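> what follows is a predicted protein model with its sequence.
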Amino acid sequence: MNIFRNKGIAFFIALDLLILLSIGAAVFLLNTYRHVNINEAISNRTRAILIAESGIAYAYWRIRIDQDQSGGSMAGANIYTFDTSIPINSSLSSAWSLVVKVTEPGGGSPKTIDSIVTYPKSTAFP
């Protein structure tokens, strides 16, 4: 009976455990990466909704004071557009933009306010 026959078995067991741990770490890191991107996308969408709502409030205020951005009267025109000159939080990149469009069909009909925010795709780790 030779007891030194299984000399290399410990090396292969350690190698197998190292491979399993490496696979587990890779799965953990990929899952974390995915969750960071999801959270960033949710944060961007929430921020875009808040900016769009503030654009609507801004347009409503402009309608109430009857002045466009240059200070002229809004009476008589059917479409008013307020673009990115509306101040947006300086922490946002220049890829964010806000366009608010006020449409008045005429004949005393109510005005329609459209607020559109464009923002970059979420890329936490490019």
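Cool, got the structure.
> which strands border the least confident helix or strand in the chain by mean pLDDT, and is each parallel or antiparallel?
Evaluated with mean pLDDT, DSSP states H and E, the helix-and-strand set of the chain has its lowest mean pLDDT in strand 79-82, which scores a mean of 72. Strand pairing for strand 79-82, using DSSP bridges, gives strand 97-103 (antiparallel).
> buried residues, the strand it pairs with. List them.
For strand 97-103, the neighbour count (16 or more other C-beta atoms under 10 Å) marks 98-102 as buried. Using the backbone N, CA and C atoms, a C-beta is placed for each residue, glycine as well.
> helices or strands up against whatever helix or strand comes next after that strand?
Sequence order places strand 112-118 as the next helix or strand after strand 97-103, per DSSP states H and E. For strand 112-118, the helices and strands in contact under the criterion 3 or more C-beta pairs under 8 Å, 6 or more residues apart in numbering; DSSP states H and E are helix 9-65, strand 97-103.
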